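Participant: Here is a sequence together with a model predicted from it:
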Amino acid sequence: MKENAKAANRREKAENKKKKERGNNFFSERQIPPRVGCIVLAVVAVVIFVTSYCRIASVWQGTDKNEFILLAVICGTCSIASMVLLETYLYFEKRYILTSPKRLAAVSTLIVLAVVLSAFTTIISFAFTAAFVAIILCGLLVSKRAAYTMTVTMAGVMMLMTVSGYGSGVLDKPVAAALAIFFGGIVSVIALNGQSNRLQPVISGAIGGAAAALVLSAVQAFSGVDFKTIAIDSGWMFAGCLLSGIIATGLLPLFERAFDISTEARLNELMNNNNPLLKRLMLEAPGTYHHSLIVAVMAESAAEQVGANALLCKTAAYYHDIGKLVSPRYFKENQGEYNVHDELPPEVSAAHILAHPKDSAQMLSKKNFPSDIIRMAANHHGDSIVYYFYTKAREQAAVPDSVNINDYRYESQKPQTKEDAILMLADCCEAAVRALKRPTQEMIEERVKNVINGLWLPVDGQLSESPITAKDIRTIEASFIKNLLAQYHERIEYPANPDQVLPQIQSTTHDAELPADDETNEPGPYTDPDNEPQQDDIAEKIAEQRAASDYAGSDEDFGDENGDQTGDQDND
Ligand SMILES: [Fe+2]
Ligand SMILES: [Fe+2]
């Protein structure tokens, strides 16, 4: 007996491990240790050193061998200093860039690209620089704060590039160029306003270029350079920055695809209703489409309040249930009177439900969606249990304990990021509140709290692997309640004839349905503000009676109250 229990336990553990591995292999994003990121940036420093040495050596005015050694020392020191600065910032502030292969590859490629391009453009004029390619693209692909650091790095590198000799006054041009790139770069990053405009890099390049030209003019005027030279150099500086913006515009979609980064422009494109997948969802699974829209609004506003990526949450919410297109009628929100699950064994029903996150991920990856969206769609139920069908299977089985709970478990990872967690919470809360027939404010608040506690507390622990905090959870909860009240809370209307009030209250005790007159939305005599206490009384009684009858009904739809933990178990 004891041995049988041990064997069953071992089997269960092995199954869990197998399922988890399958989930991890399919959905997780590969990470690298931060030290590997530092090594990659060290290699970039070597590239900067070689490029800058070759560039300066080609125009170096000295002939002494010692001068070339000094040149190598200067180039090496500046290259290492610029990359150490960047690495330090990334290590302490944006470590995820050093551990994310795609972002690290994007940053490294940007630096190398800007340095190599500038090595050629600065031959025409020291002010004709391509440094803004790296600055603008870093702002769009990684973050604005990373772009500010990139500005400092590029100012240092460009100073190195424009050194042409040895002696007094030789640093005038490099210092002027570095200052212009530094201040112009900051202005161009500020000009990146986060809108979806594809011309944004050009606009940012032009604004930053104007600022850089102004700074260059001021520095040169201060150094006593003649007006004609100032005008020509400023023109080259502006032209270089504008050209950088144009190059960045062309390169942005390539970088988005090559390094699989979800930029704001790309996410906004995906949210367009003309997207074929969204059109299909609208036509073939309208219930799921409506659910996705509400989840998107909830996830977006909650993400804004806890400092997560709101646009990513919103876009992922649009597509998280796209896999339901494989068999829309198996999901409650797309069913009418007829419920296909009434005629199916619970294991078959569960198989259809359990497949949809994986179907979503597969459909999205076939359409080359960003991996962030695919991961969020794949993990939006974590590894939770579809309790409704599990309970049904136990009820129908001759030996209830013979039903394996892992056959009713989603094969995905638990949410790994704040955005993943917000999507899961929004999805579960929306489905749970939608299951209420005539929700009152109290019912909505209670249900949202139950669902969130169920996912957050260690009982289910679906959020145990995400970096979300208790403070975030309370903020998200308040935001969801506000949104759901706006969506689902019904205002109680009052009958036109005061004599009907008492019979109506009595009738709601039995069927919890409003009288037909209530649905006319016509304001009757009881909407008089003077009679407010009386109205409130009546409204309270009706609300109480509705709440009582609805809760009984909702349990049928929803399995049981504890089922809140997995949210839309029979719907999703
Ligand atoms: Fe959903
Ligand atoms: Fe779902």
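Facilitator: Perfect, I can see it now. Numbers count the residues shown, from 1 in each chain. Ligands and ions are numbered 1, 2, ... in the order given.
Participant: which residues sit in contact with residue 114?
Facilitator: Taking CB atoms under 8 Å, 6 or more residues apart in numbering as the criterion, residue 114 is in contact with 130, 131, 132, 133, 134, 135, 154, 157. C-betas here are computed from N, CA, C, even on glycine.
Participant: For the longest helix along the chain, buried residues please.
Facilitator: The longest helix of the chain (DSSP state H) is helix 227-258. For helix 227-258, the neighbour count (16 or more other CB atoms under 10 Å) marks 230, 233-234, 236-245, 247-249, 251-252, 255-256 as buried.
Participant: Ok, stretch 401-408 next?
Facilitator: 403, 407, 408.
Participant: Distance check, the first one against residue 392.
Facilitator: In this view, residue 403 and residue 392 are 10 Å apart by CB to CB, to the nearest Å.
Participant: again, but for the second one
Facilitator: Using CB to CB, one gets 13 Å for the distance from residue 407 to residue 392.
Participant: what does residue 466 give?
Facilitator: The value you get for residue 466 to residue 392, if CB to CB is used, is 30 Å.
Participant: One more: residue 308?
Facilitator: Residue 308 is 36 Å from residue 392, by CB to CB.
Participant: Quick one: mean pLDDT over the longest helix of the chain.
Facilitator: Mean pLDDT, helix 227-258: 90.
Participant: what does stretch 469-478 give?
Facilitator: Stretch 469-478 comes out at a mean pLDDT of 93.
Participant: Equivalent analysis for stretch 327-338, please.
Facilitator: 86.
Participant: in that stretch, what counts as buried?
Facilitator: 327, 328, 329, 330, 331, 332, 333, 334.
Participant: how about the contacts of residue 114 in TSV, adding distance to ligand 2?
Facilitator: Shown next, in TSV, are the contacts of residue 114 (distance: CB to the ion, whole Å):
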residue	distance to ligand 2
130	46
131	46
132	43
133	41
134	40
135	40
154	44
157	48
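Participant: Sort out for me which of those residues are in helices.
Facilitator: 131, 132, 133, 134, 135, 154, 157.
Participant: so who does the second one touch?
Facilitator: Applying CB under 8 Å, 6+ apart, one finds that residue 132 lies in contact with 114, 181, 184-185, 188, 205, 208-209, 240-241, 244-245, 248.
Participant: Tell me the spacing between it and residue 124.
Facilitator: Where residue 124 is concerned, residue 132 sits at a distance of 16 Å (CB to CB).
Participant: do the third one as well
Facilitator: With the distance defined as CB to CB, residue 133 ends up 16 Å from residue 124.
Participant: if you count what's nearby, which of those two comes out ahead?
Facilitator: residue 133 (27 against 11; other CB atoms under 10 Å).
Participant: Quick one: residues contacting that one.
Facilitator: 110, 113, 114, 117, 244, 247, 248, 251.
Participant: closest to ligand 2 among those?
Facilitator: residue 251 (36.1 Å; CB to the ion).
Participant: Give me the nearest residue to the closest one, chain neighbours excluded.
Facilitator: Take residue 251 and drop its neighbours on the chain: the residue closest to it by CB to CB, 6 or more residues apart in numbering is residue 137, 6.4 Å away.
Participant: Tell me if that neighbour really is in a helix.
Facilitator: Yes - the assignment for residue 137 is a helix, going by DSSP: H, G, I helix; E, B strand; the rest coil.
Participant: For the residue of the stretch 401-550 of the chain found nearest ligand 1, give its distance to residue 205.
Facilitator: In the stretch 401-550 of the chain, no residue comes nearer to ligand 1 than residue 427, which is 4.1 Å away by CB to the ion. Separation of residue 427 from residue 205 (CB to CB) stands at 40 Å.
Participant: got the contact list for residue 421?
Facilitator: By CB under 8 Å, 6+ apart, the neighbours of residue 421 are 415, 463, 466, 468.
Participant: Correction: the previous question concerned residue 199.
Facilitator: Contacts of residue 199 (CB under 8 Å, 6+ apart): residue 249.
Participant: can you pull the pLDDT of it?
Facilitator: So residue 199 comes in at 83 (pLDDT).
Participant: Residue 143 too?
Facilitator: Value for residue 143, per-residue pLDDT: 80.
Participant: Then residue 168?
Facilitator: pLDDT, residue 168: 53.
Participant: related to what we said a few turns ago, of residue 427 and residue 205, which one has the most company?
Facilitator: residue 205 (29 against 26).
Participant: Not counting residues beside it along the chain, what's closest to the more buried one?
Facilitator: Nearest to residue 205 is residue 245, by CB to CB, 6+ apart, at 2.0 Å.
Participant: Hmm, residue 210 and the one you found touching each other?
Facilitator: No - under the criterion of CB atoms under 8 Å, residue 245 is not in contact with residue 210, lying 11.4 Å apart.
Participant: any idea which helix or strand carries the residue nearest to residue 34 when sequence neighbours are not counted?
Facilitator: Excluding the flanking residues, the one nearest residue 34 by CB to CB, 6+ apart is residue 98, at 4.4 Å. Element membership of residue 98 [criterion: DSSP states H and E] is helix 95-99.
Participant: How about the closest residue to ligand 2 within the stretch 201-350 of the chain, nearest residue that isn't a chain neighbour?
Facilitator: Nearest to ligand 2 in the stretch 201-350 of the chain, going by CB to the ion, is residue 321, at a distance of 4.6 Å. The shortest distance from residue 321 to any non-neighbouring residue, by CB to CB, 6+ apart, is to residue 288 (5.0 Å).
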